[in-house]
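Q: predicted model, plus sequence, below.
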Amino acid sequence: QKEVEQNSGPLSVPEGAIASLNCTYSDRGSQSFFWYRQYSGKSPELIMFIYSNGDKEDGRFTAQLNKASQYVSLLIRDSQPSDSATYLCASPRGSGNTGKLIFGQGTTLQVKP
Amino acid sequence: GAVVSQHPSRVICKSGTSVKIECRSLDFQATTMFWYRQFPKQSLMLMATSNEGSKATYEQGVEKDKFLINHASLTLSTLTVTSAHPEDSSFYICSATSRGNQPQHFGDGTRLSIL
């Protein structure tokens, strides 16, 4: 089992819909989770981070963390074609506090006009 | 927000050339910087972890003599691809973090093309 797992997709949603991106993790000790967006040919960009159980909202984005079930999700409301990208879920590796991240393989989101 | 500057954005050079890439954290002190490589349609691959004032830690399979990393200050790390060959052509991306449990912030990447 991969440490951080995402469905590679592609996930296709119509413009204006809610896109739901999911990520599961195997290390129960994981404390922090980050969502990055990567456009084709560009570097990753941090869009959300979450440390506590529950929801965290920032504009059209909501991150949800459920530590008991070991999943973290990203909801994008009112999806726009400009949201089409690969979304990477990441968590710091182990307890060594090295700053290294374990990345999921990324989910490709396609928002169709 | 946190800003990481990476330079140059694109390099095209002949085989055998050494290429230096700079990564700077502009508005925070980066205790740790990371260097990644990404081939088209593939995932990010961590090459090495760089801590200020100490030797870089390389991931398995990454040649430390080929990819020289220097982290001279809390705001600057450099990656030098020595005697580059066409198979080294890739998208190189740096990132920086201020603490272990904080997110990494990425530079814009350097697209390296070796002819």
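A: Looks like it came in fine. Note that the structure is a prediction, hence the values are computed from the model and not measured.

Q: can you check the pLDDT for the residue of chain B found nearest chain A?
A: For chain B, the residue closest to chain A is B:Gly100, as judged by Cβ to the nearest Cβ, at 3.3 Å. Bear in mind the C-beta positions are built from the backbone N, C-alpha and C, glycine included. With respect to pLDDT, B:Gly100 scores 70.

Q: ok, A:Ser95 next?
A: For A:Ser95, the predicted pLDDT is 55.

Q: again with B:His71
A: At B:His71, the pLDDT value in this model is 89.

Q: count of residues packed around it?
A: Look at B:His71: counted by other Cβ atoms under 10 Å in any protein chain shown, it has 24 neighbours.

Q: sec struct for it, please.
A: With DSSP: H, G, I helix; E, B strand; the rest coil as the basis, B:His71 sits in strand.

Q: my read: it touches B:Ala48, true?
A: No: counting by Cβ atoms under 8 Å, B:His71 stays clear of B:Ala48, with 9.9 Å between them.

Q: shared neighbours of the two, anything?
A: Both B:His71 and B:Ala48 are in contact with B:Ala56, where contact means Cβ atoms under 8 Å, 6 or more residues apart in numbering or on different chains.

Q: so where's the chain shaky on pLDDT?
A: All of this is about chain A. Per-residue confidence for chain A (pLDDT under 70) gives these ranges: A:1, A:94-97.

Q: right idea, wrong chain: chain B
A: Scanning chain B for pLDDT under 70 picks out B:1-2.

Q: how about the most centrally placed residue in it: what's its closest non-neighbour residue?
A: Nearest residue to the geometric centre of chain B (Cα atoms, centre = their mean): B:Trp35, 3.5 Å. The spatially closest residue to B:Trp35, leaving aside those adjacent along the chain, is B:Met47, at 4.6 Å (Cβ to Cβ, 6 or more residues apart in numbering or on different chains).

Q: all set, thanks.
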